[in-house]
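S.K.: Please find the sequence and the predicted model below.
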Amino acid sequence: MADTQQAASASPMPPGITDPNYKPPPGRLGNLTVPQQHALETLKKQLKEEGHFVEERMDDAALLRLVGSRHFVIRASSSLT
């Protein structure tokens, strides 16, 4: 029997997920590659440094939608905020 291994995600599962077999689609919280996770963290850090970060509105899911819509390119993403 072949042993199939899945690549580990660089991001933690979103809160509230109770099904241990659930795997989010690629590019979503809980299933990000290392470069995607890095892009999300970089955008968040950049927004905080520039004073544009609003904790109540800019959770990881919202920022991920923004950076993902720009194919995880930070320069293109930061111009939209």
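M.R.: Nice, thanks for sending it over. Residues are numbered from 1 along each chain as shown.
S.K.: With adjacent residues omitted, what lies nearest to P12?
M.R.: Nearest non-adjacent residue to P12, counting by Cβ to Cβ, 6 or more residues apart in numbering: G30, 6.6 Å away. To be clear about C-beta, it is placed using only N, CA and C from the backbone, and glycine gets the same treatment.
S.K.: Against Y22, how distant is the one you found?
M.R.: Distance of G30 to Y22, computed by Cβ to Cβ, to the nearest Å: 8 Å.
S.K.: Give the residues shared as contacts by those two.
M.R.: Residues touching both G30 and Y22 by Cβ atoms under 8 Å, 6 or more residues apart in numbering: M13.
S.K.: Quick check on those two: which one has the bigger neighbour count.
M.R.: G30 (15 against 10; other Cβ atoms under 10 Å).
S.K.: Show the pLDDT at the more buried one.
M.R.: pLDDT, G30: 88.
S.K.: and what of A8?
M.R.: So, for A8, pLDDT stands at 59.
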